[in-house]
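1. With the input below, show me the fold.
(chains A and B)
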Amino acid sequence: MRRSRKPLTNQHNATAYAFLLPWLIGFFCLTLGPMLYSLYLSLTKYNLLTAPKWTGFSNYIEIFKEDETFSNSMWLTIKYVFLSVPLRLVFALLIAIVLNKGIRALGVYRTIYYIPSLLGGSVAIAIVWRQIFDGNGLVNQMLSWFGISGPSWISHPSYIIYTIISLSVWQFGSAMVIFLAGLKQVPADLYEAAQVDGANKVRQFFRITLPILTPVIFFNLVMSIINSFQAFTPAFVIGDGRGGPLDATMFYTLYLYMKGFSYFDMGYASALAWIMLLVIGIFTAIIFVTSKYWVFYGDSKEGR
Amino acid sequence: MLQMKKMNGFTKHTLIIVFGIAMLYPVLWLISSSFKPNELIFTESGLWSSSFTLENYVNGWRGFQGIAFGKFFANSWLISILSVLGNVITCSFAAFAFARLNFKFQKIWFAMMLVTIMLPYHVTLVPQYVIYSELHWVNTYFPLVLPKWLAHDSFFILMMVQFIRGIPRELDESATIDGCNQRQIYFRMIMPLLVPALISAAIFTFIWSWDDFFSQMIYLSDIKLFTVQLGIRALFDPSGQSDWGALLAMSTLSLLPITLIFFVFQRYFLDGIATTGLK
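-> Residues are numbered from 1 along each chain as shown, chains lettered A, B, ... in the order given. Next up is the predicted model:
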């Protein structure tokens, strides 16, 4: 296609670069330049007031050898990602399937279930969350109906992470909307054929619905993992803003923020950022590489 | 048989509604508590209150350190609207170039654009802060708004590229025959057809800018420049000494603009998520 239009190519250059100009400036000044600069800063000591001082790999060595907060916050973040992302997606898929079967008032339900995703990123909801998981908050009041006396979820170092995870799972609505759209693409005749062959509902789900949804699941998985690694507001507001109690809310981004903007150790913060980039990159790469075994791109049957 | 089916349908709807209300309970609690007198907020657990007051809103709106909360709302609106305009204009420009024009190094730039979508914000955070502080732009709105005018949120570019690819190329060709150049094709033809995608991008940009607590916290420390999110965070004291009534009242108000925009543009919004996979 492009090759056959070769004569036009030259005519477009000037116009195209004019349209692309804002993005190009942004790419060099806000992305590429800063990335290289941050790589350089990660090899220095820099406090914003005096010039960066070259220290080689000492930041990285310190991070891996001596910094316990680093490893704690990394594990905490990984735990958060690996519990909240699958739970959110499973919830989203389940509810989408329940809502999908030609149900009346779908629009209304879709809206109701989307509202948490709409509001969940705000400071206001994080504060509400803190309150309903507090010692005498809503959650424990409900538990007391069943004779269970719950702990104060937000002041106990081993439970507060689940408070933050629940806030993330609560926002399953956006993934659900995407799944609903994916479910619409499943051709009805596939189910009819399966019914004729005597396949029950469960079998139909695993043999038809799930395979056809795998591209959507793949996309959701990649984007949720990348976003969840960067979670900040819930940890900052539900915890005490300094990682407490006992570093139980010291998410990776919060640690990076504190190193850079509370202690003004900008070189160290840059090194932390590059490690984060590598970790996210590794997880994304794993999903991409394994995707050919579990993501099903139906070319002939599905497309219409 | 039919009776049975109806029954099942009824149970199913009931379950969906009950679960939906349970989901919304935190939001409903927030709204109802904001109208309760301070001493009842944590003692009375039901949504329906025995006494109703607007005092929290009056107290909250007064703000703190001599700055009314209305000022924070005005600041947030300003940042969000400038961000929306920037994103919609510059991202659609870039998307048009990628989707419709042929130019040198097109593939490389496009690949770069895709990579930046997945890049975590934190990798560029420190250098960006250094640059902005060298320019003396800390405690201004430039660090929050300027990136939007440089099409920094590449996600929207990709979304619009996909939308433009859905517009038949024959339209371009007939416009060319009618004597339109590429610039006119964009402004007279592509842009009007792109409106649904532009609206989706506008809504998401608005919500994300409104809620963008992290950048606002880093770049704004002057109380006169505070946004709604920062104002709420300042009212909130994690050790428990907050004026809860005022805090919850202002929290309720902070959710209002997003909710209104959502309900007005709901159709574009949910379809936009469904077709592009936006959060």
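2. Can you point out the buried residues in the lowest-mean-pLDDT helix or strand in chain A?
-> Every helix and strand in chain A was compared by mean pLDDT, DSSP states H and E; the lowest is helix A:6-26, with a mean of 80. Neighbour counts over helix A:6-26 (16 or more other CB atoms under 10 Å in any protein chain shown) mark A:9, A:12, A:15-17, A:19-24, A:26 as buried. Where C-beta positions appear, they are placed from N, C-alpha and C, glycine not excepted.
3. Check stretch A:180-194 too.
-> A:180-183, A:186, A:190, A:194.
4. picking that back up, can the least confident helix or strand of chain A be found next to chain B?
-> Yes - judged by CB under 8 Å from any CB of the partner chain, helix A:6-26 and chain B are in contact via A:8-9, A:11-13, A:15-26.
5. What of stretch A:205-219?
-> Yes - residues of stretch A:205-219 contacting chain B under CB under 8 Å from any CB: A:216, A:219.
6. so for that stretch, what's the average pLDDT?
-> Mean pLDDT, stretch A:205-219: 88.
7. next one: stretch B:217-224
-> Stretch B:217-224 comes out with an average pLDDT of 94.
8. Relative to the whole chain's centre, how far out is it?
-> From the chain centre to the centre of stretch B:217-224 is a distance of 20 Å (CA atoms, centre = their mean, to the nearest Å).
9. quick one: terminal-to-terminal distance for it?
-> By CA to CA, to the nearest Å, the extent of stretch B:217-224 from end to end equals 13 Å.
10. now stretch A:225-245
-> Start and end residues of stretch A:225-245 are separated by 25 Å (CA to CA).
11. same deal with stretch B:260-269?
-> End-to-end span of stretch B:260-269 (CA to CA): 12 Å.
12. any residues touching it, and which ones?
-> Outside of stretch B:260-269, the residues within contact range by CB atoms under 8 Å, 6 or more residues apart in numbering or on different chains are A:111, A:115, A:118, B:196, B:199-200, B:203, B:206-207.
13. Selecting buried members of these in PyMOL, what would you type?
-> To isolate the buried members of the contacts of stretch B:260-269 in PyMOL, using 16+ other CB under 10 Å:
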select buried, (chain A and resi 111+115+118) or (chain B and resi 199+200+203+206+207)
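14. With secondary structure and pLDDT as added columns, please give the contacts of stretch B:260-269 in a markdown table.
-> Formatted as a markdown table, the contacts of stretch B:260-269 follow (DSSP: H, G, I helix; E, B strand; the rest coil; pLDDT from 0 to 100):
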| residue | secondary structure | pLDDT |
| --- | --- | --- |
| A:Thr111 | helix | 88 |
| A:Ile115 | helix | 92 |
| A:Leu118 | helix | 91 |
| B:Pro196 | helix | 87 |
| B:Ile199 | helix | 90 |
| B:Ser200 | helix | 88 |
| B:Ile203 | helix | 90 |
| B:Phe206 | helix | 94 |
| B:Ile207 | helix | 92 |
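15. closest to A:Ile275 among the contacts of stretch B:260-269?
-> Minimum distance to A:Ile275 across the contacts of stretch B:260-269 is 30.2 Å, recorded for B:Ile207 (CB to CB).
16. and the closest residue in space to that closest one that isn't next to it in sequence, what element?
-> Using CB to CB, 6 or more residues apart in numbering or on different chains and skipping residues adjacent in sequence, the residue nearest B:Ile207 is B:Ile258, 5.4 Å away. Using DSSP states H and E, B:Ile258 maps to helix B:244-264.
17. ok, the most centrally placed residue in chain B - contacts?
-> In chain B, the residue lying closest to the centroid (CA atoms, centre = their mean) is B:Ile207, at 1.2 Å. By CB under 8 Å, 6+ apart, the contact set of B:Ile207 is A:118, A:121, B:258, B:261.
18. Farthest pair within those residues?
-> For those, the farthest-apart pair by CB to CB is A:Gly121 and B:Ile261; their separation is 14.3 Å.
19. These two: which is more packed in?
-> Shown here are A:Gly121 and B:Ile261; by other CB atoms under 10 Å in any protein chain shown, A:Gly121 has more neighbours (23 against 18).
20. shaky segments in the stretch 151-300 of chain A?
-> Counting by pLDDT under 70, the stretch 151-300 of chain A contains low-confidence residues at A:298-300.
21. same thing but at 50, please
-> Across the stretch 151-300 of chain A, the ranges flagged by pLDDT under 50 are A:300.
22. Strands along chain A, start to end?
-> Ranges of strands in chain A, per DSSP state E, are A:44-45, A:53-54.
23. From the contact counts, what lies against the first one?
-> If I follow you right, that is strand A:44-45. Here strand A:44-45 touches strand A:53-54, helix A:266-294, going by 3 or more CB pairs under 8 Å, 6 or more residues apart in numbering or on different chains; DSSP states H and E.
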